[in-house]
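Visitor: Sequence first, then the predicted structure:
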Amino acid sequence: MDASRVRPDIKEPLLRYQRECYRILADAFIGQNTDVQPTSASDEPLVQLHNMALVIAATTREMLATKYLAQSNAERLDRAALVVQNLTRRVTAVEQQVRAGKLTQEQAAEIKWRVNLITQEMSKHEPGRSHYQVVYAALGDEVGVTSYKAIPLKAYETAVSFLDNWLLSLMKAGKKGMAETEG
């Protein structure tokens, strides 16, 4: 509102109101008391201009901060999209393995670990020989494949059980042999 265009009896209260509004807005945006007092009536437009400039500066600063935050959020969303894309690709690969009935990498590693335990136990009884081929061949015969990685998902439990039983029998035989040599 332009104070020069109002009735004379309203002019002074309007100017006080405008001054107070600008001061409050400037204080809110800048966070400090920016009260500038005019020294004469002719200074009133300059004080108003000063207060408006403070509000504009604070608003501009807030707009720049908001723009920076928006850019930062966009970058974070882009990184999150890459993570989601990678996870989607991995889940799809696992789903394809499951649909195809193949072992997961973790299941194949579990089979390999059990085979290693068996070959270590066999090496105690027959050192100097590599027993891997024997164990893998017996496992393949048990589940009907030529490679442990080709074991169908439905035969995984059978393969694990076969290897566990074999390992137990080797360990029992080892304990029995130790008891006989001690006795």
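Guide: Received it, and whenever you're ready, just let me know what you need.

Visitor: For this structure, just list every one of the helices.
Guide: 8-30, 44-100, 105-125, 132-143, 156-182 (DSSP state H).

Visitor: Could I get the contacting residues of residue 4?
Guide: With contact taken as C-beta atoms under 8 Å, 6 or more residues apart in numbering, residue 4 is in contact with residue 11. In short, each C-beta sits where N, CA and C put it, glycine included.

Visitor: lowest-confidence stretch among the helices of the chain?
Guide: With a mean of 79, helix 8-30 has the lowest mean pLDDT of the helices of the chain.

Visitor: helices and strands around that one, which ones?
Guide: The contact analysis (3 or more C-beta pairs under 8 Å, 6 or more residues apart in numbering; DSSP states H and E) places helix 8-30 against helix 44-100.

Visitor: now the helix it packs on against helix 105-125, angle please.
Guide: If you take axes from the mean of the first three to the mean of the last three C-alpha atoms, to 10 degrees, helix 44-100 sits at 50 degrees to helix 105-125.

Visitor: So what's the gap between helix 44-100 and the chain middle?
Guide: When distances are taken as C-alpha atoms, centre = their mean, to the nearest Å, helix 44-100 is centred 17 Å away from the chain's centroid.

Visitor: other SSEs contacting that helix?
Guide: Helix 44-100 sits against helix 8-30, with contacts defined as 3+ C-beta pairs under 8 Å, 6+ apart.

Visitor: Same question for the helix it packs on: list its buried residues.
Guide: Neighbour counts over helix 8-30 (16 or more other C-beta atoms under 10 Å) mark 15, 18, 19, 22, 23, 25, 26, 27, 29 as buried.

Visitor: export those residues to TSV and tack on distance to residue 134?
Guide: Compiled in TSV, those are given as follows (distance: C-beta to C-beta, whole Å):
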residue	distance to residue 134
15	102
18	97
19	97
22	92
23	92
25	86
26	87
27	86
29	81
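
Visitor: domain assignment for this protein?
Guide: Split into domains by automatic domain parsing, the chain comes to 3-73, 105-182.

Visitor: which stretch among those comes nearest residue 85?
Guide: Among the domains of the chain, the nearest to residue 85 by C-beta to C-beta is domain 3-73 (18.3 Å).

Visitor: Can you give me the first-to-last residue distance of that closest one?
Guide: End-to-end distance for domain 3-73, by C-alpha to C-alpha, to the nearest Å: 44 Å.

Visitor: Any idea how far stretch 156-167 is from the middle of the chain?
Guide: Centroid displacement of stretch 156-167 relative to its chain, using C-alpha atoms, centre = their mean, is 37 Å.

Visitor: And the contacts of it?
Guide: Residues contacting stretch 156-167 (C-beta under 8 Å, 6+ apart): 103, 107, 110-111, 114-115, 117-118, 121, 135, 138-139, 142-143, 148, 151.

Visitor: May I ask which two of those are separated the most?
Guide: Longest span within these, C-beta to C-beta: 103 and 121, 23.3 Å.

Visitor: Fine, thanks again, bye for now.
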